[in-house]
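J.: Have a look; sequence and predicted model below, questions after that.
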Amino acid sequence: MNSIRLNDFENIIFDLGNVIIDLDLEATNKGFRALFKDRYDEIFNSLNKGEVFNKYEKGEITSKEFIQTIKAFHPVILEEQIVDAWNAMLLYIPKERLQILKQLKRNHRTFCLSNTNHIHIDWICQYLESAFNLKDLNSFFEKVYYSHLIGMRKPDLEIFDFVLNQNDLDPKKTLFIDDTKGHLEGAEKLGIKTYHMTPNRSLEKLFEGY
């Protein structure tokens, strides 16, 4: 859908990355390329083949196990360097975006649903404390769902089904906003209405004047 009529929806589910917090995914790629140099492709192909990132996002391995798995390919690098490269993609949350979320919560049931991990959430919480004196994002939503805490991740149907059933949401009256098209397709299979957050769009533009 290209436009949103808020009156059509009782519920809004927000992705986190590139919807609420701006990301620069290439910054993390550059960080790891600087660490691994000419072995970058080899190492990341191996990590992807072993589904290390997926397992971490589903909470199937701990942060320590995640870091040690990467470090094993290049023992001389420090754990702190791995964490810094991993977090390099995380940028900032405009204050106006938080104000929009706060306003939307007054008239809608709002939720956050994100594929994420402990290291990223720790960084985001530290950022929120420093920038806004906030402990976390929980106050902006009825409920927050992070993949590593619930053992499921998008675009699997089970995670959308879980959120719908746990909160008794009607999919036809529910809007899901995400920057990844594949995640939207998973939600659409359950009848959830979706909005694709592309680089030329933002919550500020989407809900301008709300």
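T.: Yep, that arrived. These numbers come from a predicted model, not from an experiment. Numbers count the residues shown, from 1 in each chain.
J.: can we go C-alpha only for contacts and neighbour counts from here?
T.: Noted.
J.: got a list of what residue 187 touches?
T.: By CA atoms under 8 Å, 6 or more residues apart in numbering, the contact set of residue 187 is 155, 157, 160, 176, 193, 194.
J.: shouldn't the last one be in contact with residue 179?
T.: No. With contacts defined as CA atoms under 8 Å, residue 194 does not count as touching residue 179, sitting 10.4 Å away.
J.: contact partners of stretch 75-94?
T.: 20-32, 35, 67-68, 70-71, 119-120, 123-124, 127.
J.: Please identify the helix or strand for the residue lying closest to residue 202 once chain neighbours are set aside.
T.: In this structure, residue 202 finds its nearest non-sequential neighbour in residue 19, 6.9 Å apart by CA to CA, 6 or more residues apart in numbering. Using DSSP states H and E, residue 19 sits within no helix or strand.
J.: I figured residue 19 was touching residue 179, is that so?
T.: Yes. The pair residue 19 / residue 179 is scored as a contact, 6.7 Å apart, by CA under 8 Å.
J.: any residues in contact with both of those two?
T.: residue 197.
J.: Looking at residue 194 and residue 179, which has the bigger crowd around it?
T.: Between residue 194 and residue 179, residue 194 has the larger neighbour count (other CA atoms under 10 Å), namely 22 against 19.
J.: So residue 24 versus residue 88, what's the distance?
T.: Going from residue 24 to residue 88 by CA to CA, to the nearest Å gives 8 Å.
J.: These two: which is more packed in?
T.: Each of residue 24 and residue 88 has its neighbours counted (other CA under 10 Å); residue 88 has more, 20 against 14.
J.: And the more buried one, how far from residue 31?
T.: From residue 88 across to residue 31, the span is 7 Å (CA to CA).
J.: Now do the residue nearest to residue 202: how many residues are near it, please.
T.: So residue 19, with other CA under 10 Å, has 21 neighbours.
J.: residues in contact with it?
T.: Residues near residue 19 by CA under 8 Å, 6+ apart: 177, 178, 179, 197, 202, 203.
J.: So what's the residue count around the second one?
T.: Pointing back at residue 178 there. 23.
J.: What sits closest to it if chain neighbours are left out?
T.: Excluding the flanking residues, the one nearest residue 178 by CA to CA, 6+ apart is residue 15, at 5.0 Å.
J.: From what I see, the one you found and residue 114 are in contact.
T.: Yes. If you go by CA under 8 Å, residue 15 and residue 114 touch, sitting 5.2 Å apart.
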